[in-house]
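[1] heads up, no residue letters with this:
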């Protein structure tokens with residue numbers, strides 16, 4: 001089964017499709033827990049009033065909606081790494097989406113950082129692709145070493161291909177000059 005996506009070019013091969021580590025969902029989880037805890041407070045002050053149970057269920061459901069909003073942003077934000085480019089599809093809200101493409105030949109430097117003990121334990125980190133124009137930051141990625149090595153190898157192969165094409169074109173120009181001269 002080959003992977004494909006909208007906007008894929010002819011001859012372009014998808015190397016991997018990745019999303020951020022689930023640890024990126026912790027903000028939504030914390031908000032859900034906070035709202036649910038706030039819904040428990042009326043039960044503590046009015047333990048005999050069973051109508052306060054509806055307040056708890058309402059705040060629990062509202063917190064679930066907050067978490068669902070964060071989950072949508074996490075699930076539909078993906079990085080597509082091909083043999084030609086890195087494509088970031090970001091879900092900004094339920095209806096908003098942005099797409100950023102970075103050709104591999106524009107990448108000047110790749111760096112990776114794992115944020116301390118938590119990053120080591122849960123295997124997440126940040127990868128930065130640096131270009132002349134700006135940086136593409138891949139934050140809280142699962143197994144950043146694997147992604148880093150994949151992009152590093154892809155950019156290396158792309159540069160070898162470009163050098164081979166440039167050398168071939170130079171050889172053809174030299175042959176034309178010899179034929180004309």
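    Received the coordinates, thanks. Since this is a predicted model, take the numbers as computed values, not measurements.
[2] Now for the protein, the helix or strand with the poorest mean pLDDT.
    Every helix and strand of the chain was ranked by mean pLDDT, DSSP states H and E. The lowest is helix 144-180, at a mean of 79.
[3] Just list what that one packs against, helices and strands only.
    strand 14-19, strand 78-82, strand 109-113, strand 124-130, strand 135-142 (3 or more Cβ pairs under 8 Å, 6 or more residues apart in numbering; DSSP states H and E). Every residue, glycine included, has its C-beta placed from N, CA and C.
[4] Can you name the residues in contact with the following helix or strand past the first one?
    Counting by DSSP states H and E, the element after strand 14-19 in chain order, helix or strand, is helix 26-45. For helix 26-45, the external contacting residues (Cβ atoms under 8 Å, 6 or more residues apart in numbering) are 52-53, 55-60, 62-64, 66-67, 69-71, 74.
[5] now with 7 Å?
    With contacts defined as Cβ atoms under 7 Å, 6 or more residues apart in numbering, helix 26-45 is touched by 52-53, 55-56, 58-60, 62-64, 66-67, 70-71.
[6] Please apply the same query to stretch 125-136.
    Contacts of stretch 125-136 (Cβ under 7 Å, 6+ apart): 86, 88, 100, 102, 106-115, 119, 137-141, 144, 147-148, 151.
[7] ok, now stretch 82-102?
    Residues contacting stretch 82-102 (Cβ under 7 Å, 6+ apart): 9, 12-15, 72-73, 76-80, 103-104, 129, 131, 136, 151, 154.
[8] one more time with 8 Å, if that's ok
    By Cβ under 8 Å, 6+ apart, stretch 82-102 touches 5, 7-9, 12-15, 69, 72-73, 75-81, 103-104, 107, 129, 131, 136, 138, 151, 154, 157-158.
[9] Does residue 65 belong to a helix, a strand or coil?
    helix (DSSP: H, G, I helix; E, B strand; the rest coil).
[10] Model confidence for it, exactly?
    pLDDT recorded at residue 65 is 94.
[11] hmm, back to that, with distance to residue 27 and mean neighbour count added, can I get the helices and strands packed on helix 144-180 in TSV?
    Formatted as TSV, these follow (distance: least, Cβ to Cβ, whole Å; neighbours: other Cβ atoms under 10 Å):
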stretch	distance to residue 27	mean neighbour count
strand 14-19	16	16
strand 78-82	19	20
strand 109-113	20	13
strand 124-130	14	19
strand 135-142	11	18
